[in-house]
Every structure is written in structure tokens, then in C-alpha cells.
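Enquirer: Make a model of this:
(one chain, ligands or ions: 1)
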Amino acid sequence: MRGPRPWTFIHVTDMQPGSPRSFRYNPAWAENWETARRQIIERRPEFLLVGGDVSRDGSIHRWELEEMKASLEAMEIPYRVIPGNMDTGNKHTRRQGPFPERDDVSLNITSEQLLQFESVFGPSRWTFIHRNVRVSGLCDMVLGSGLTEEARTWEWLNRQQTAKRAEHHFWLIHYPLFIDRLDEPRFAITRRETYYEWYFCLDQDSRDRLLATFKATGATRVVSGHVHCRMEHVADGIHFDLAPATCGSQWTGHWAEGDGTPGFLEYLVDGDRIAKRFVPLDRVSTRTDGYGPGGHPRPEQRDYSLAWKR
Ligand SMILES: [Fe+2]
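Expert: Residues are numbered from 1 along each chain as shown. Modelled structure (predicted):
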């Protein structure tokens, strides 16, 4: 007897199209999101998962979040979104990094920024079952922050341990749980040699506690964004998919197998099997006519007189 027909869902992340009303704008990233968006609509997934950094500066411009929400709604595909650090602020640090031009402590996620995101997209932690797959997502930037939202997130995570199980359980987070190994130590933000390892994954204490919770919920796959370099690890029987960005690539030199090609991930579910497929963008924008600083500029470096639109 034949089982149900295979079906697909898609994970897309790190679109950060930005806005020509902002102090900085890269139209190539906006064009790449439009390309990805068209390709996703054509592939007709049963639902769409969005892994954060849906905006370039949504933590300070609510309108960037609203514009992405309108863009997602118009796709007419059921979707769920978790925030990324560009939408709500970074994971917390009490110490500054080694680069004088970057004020890391000021970039910490705040309750106000998270509430702003939730006022546009709804709750930042959610779980649902679709056919034989459970998908759960959360705002991992609050872990280790000491904010009231962190305590609520752990309470919610604990409750997931007794939730009804499905055949597969996907977890969505924005920062990867780890860089190379599950048991790697906490990276020092203060040292230039380890700053990017610190920046690109969760801290060890958050990671250990989160992983224990994931395992207690029957996690089969953990999908993250943030790095803009596609990579896969398998550890403790769980797949860890580091998803590609649509905007462009970053940090492509760290892993020999890492691939920075812009695109998104499509999951094909066939009974109890899941196959992952990388879908590259049909066309990567070559525009170079943007403006403004990259990275995480300080407030005094934000010059809105550069904006193309007012
Ligand atoms: Fe990010």
C-alpha cells in the first residue's frame, strides 16, 4: 500500500534586504530576496520557515520588520518566523570585543527590541505539528541575557518536553549551537583570534542547556542561520543544518566543506525519511550601488542624509 505522497517545506533565512530609507542600503540584498521569494513561491512548499535576520536594522527601524511581514504575507504560503540578531539585537555580552569601532555591549538584545519584533510578527517562540513533523522555534538571543524573556523561554522549553511527539522534530534557532564540536568551550569575545567564533555561535552554557532540552523533546534536526555559510554537522544523532543566507556569504573560509552560495533549504518528506536539498538563487544580483557602513555601526555613524528615500 502506498503511503502519503512526498511533500516539501522550505527554510529561508538572513534575507536582510534593508531599506532605502535607512542610513545604509545594499540593493543587491533586496534583489536577492525578491529572487528567492519568486523561487519559493514557484516550488509550492506546504509551509515556510524563516530563520531570522529578516531585516538589516529592524532592531531600530520597526518599518523594516513591517515591510518584510507584508512581503511574506503576499507569498500566500503559511509561514513562521523567529527573530535574528539584526531584528532584535545580539546575544548578550557583559564584556566588549577587541574592535574599537564596535560597541558589542550596546548591541545586546533588549526586551523593548524583542517586544517590537513580536508586535509585528507575533510570539517569537512557537511550536506546531504538520503531518508527521513537529517544528519549534525560539529567540535564542535571549539565552544568557538574564532578561525576563530568558526565564520565560526556559519555562516554555521545559514544557515542550511533555508535548505530543511527531516522527521528526525540527528546531529553529538563529545562532548555530556550536562551530565545530558540541563540546567546544566558550569562545572569548575579548580576543581577536576567537571573536568570530564567539559571534557566530551560542555560548557554551546556553548551548549545553538548550541541547539537553532539545534531546528531551526528541529533536532530530536543528536548523540555524546567522553565519551565511552552508554547512552540516551530525552529532549525538541530530542533524545540525547551518543554512545559507539569501543576501550573500560570510565566513566561508572556516570550514573546508562550507559553501557561501546564496540560496535556501528545501526539505522533502517521504514517509519517515527527510531529504534536504540546497536551492541556489537563480540569479545573484551584481549591483554595487548601495551606501552606508557594514557591520554594527555606532549611532553617530548612522547618517540618514544618505538615504535614497525619505
Ligand atoms: Fe544574524
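Enquirer: Report the contact partners of residue 15.
Expert: 29, 32, 33, 36, 53, 54, 68, 245, 246, 247 (CB atoms under 8 Å, 6 or more residues apart in numbering). Using the backbone N, CA and C atoms, a C-beta is placed for each residue, glycine as well.
Enquirer: I meant residue 277, not that one.
Expert: 265, 266, 267, 268.
Enquirer: The second one and residue 6 touch, don't they?
Expert: No - taking contact to mean CB atoms under 8 Å, the distance of 11.5 Å between residue 266 and residue 6 leaves them out of contact.
Enquirer: Look at the two and report which has more neighbours.
Expert: residue 266 (19 against 12; other CB atoms under 10 Å).
Enquirer: near the ion, which residues of this protein?
Expert: 53, 84, 85, 226 (CB under 5 Å from the ion).
Enquirer: TSV please, covering the residues you listed and showing secondary structure and pLDDT.
Expert: Converted to TSV, those look like this (DSSP: H, G, I helix; E, B strand; the rest coil; pLDDT from 0 to 100):
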residue	secondary structure	pLDDT
53	coil	98
84	coil	98
85	helix	98
226	coil	98
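Enquirer: all strands of this protein, in order?
Expert: 7-12, 48-50, 79-81, 126-130, 133-137, 168-172, 221-224, 231-235, 238-242, 263-270, 273-280 (DSSP state E).
Enquirer: could I get those as JSON lines with mean pLDDT and distance to residue 257?
Expert: Supplementary listing: the strands of the chain in JSON lines, determined by pLDDT from 0 to 100; distance: least, CB to CB, whole Å:
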{"stretch": "strand 7-12", "mean pLDDT": "98", "distance to residue 257": "19"}
{"stretch": "strand 48-50", "mean pLDDT": "99", "distance to residue 257": "23"}
{"stretch": "strand 79-81", "mean pLDDT": "98", "distance to residue 257": "28"}
{"stretch": "strand 126-130", "mean pLDDT": "98", "distance to residue 257": "30"}
{"stretch": "strand 133-137", "mean pLDDT": "98", "distance to residue 257": "26"}
{"stretch": "strand 168-172", "mean pLDDT": "98", "distance to residue 257": "22"}
{"stretch": "strand 221-224", "mean pLDDT": "98", "distance to residue 257": "16"}
{"stretch": "strand 231-235", "mean pLDDT": "97", "distance to residue 257": "6"}
{"stretch": "strand 238-242", "mean pLDDT": "98", "distance to residue 257": "10"}
{"stretch": "strand 263-270", "mean pLDDT": "98", "distance to residue 257": "15"}
{"stretch": "strand 273-280", "mean pLDDT": "97", "distance to residue 257": "12"}
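Enquirer: before we move on, back to that, and the buried ones among the residues of the chain next to the ion, selectable in ChimeraX?
Expert: Listed next is the ChimeraX selection for buried residues among the residues of the chain next to the ion, using 16 or more other CB atoms under 10 Å:
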select :53,84,85,226
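Enquirer: of all of the chain, which residue lies closest to the ion?
Expert: residue 226 (3.7 Å; CB to the ion).
Enquirer: isn't that residue right up against residue 179?
Expert: No - under the criterion of CB under 8 Å, residue 226 makes no contact with residue 179, lying 11.4 Å away.
Enquirer: Tell me which residues of stretch 241-257 come out buried.
Expert: 241, 242, 243, 244, 245, 246, 247, 248, 249, 250, 251, 255.
Enquirer: okay, the fifth one: pLDDT?
Expert: So the one you mean is residue 245. In this prediction, residue 245 carries a pLDDT score of 98.
Enquirer: mind checking how far it is from residue 259?
Expert: 11 Å (CB to CB, to the nearest Å).
Enquirer: count of neighbours near residue 291?
Expert: 15.
Enquirer: got any ranges where the stretch 1-150 of the chain has weak pLDDT?
Expert: 1-3 (pLDDT under 70).
Enquirer: Show the residue spans covered by the helices in it.
Expert: All helices of the stretch 1-150 of the chain, identified by DSSP state H, counting those that start in this stretch, fall at 27-43, 62-73, 85-88, 111-121, 148-160.
Enquirer: so residue 158 sits right up against residue 210, yeah?
Expert: No - contact criterion CB under 8 Å: residue 158 and residue 210 do not qualify, at 11.6 Å.
Enquirer: The two: who's more crowded?
Expert: Under the criterion of other CB under 10 Å, the comparison of residue 158 against residue 210 puts residue 210 first, with 22 against 12.
Enquirer: ok, now which ones touch the more buried one?
Expert: 140, 143, 157, 173, 177, 202.
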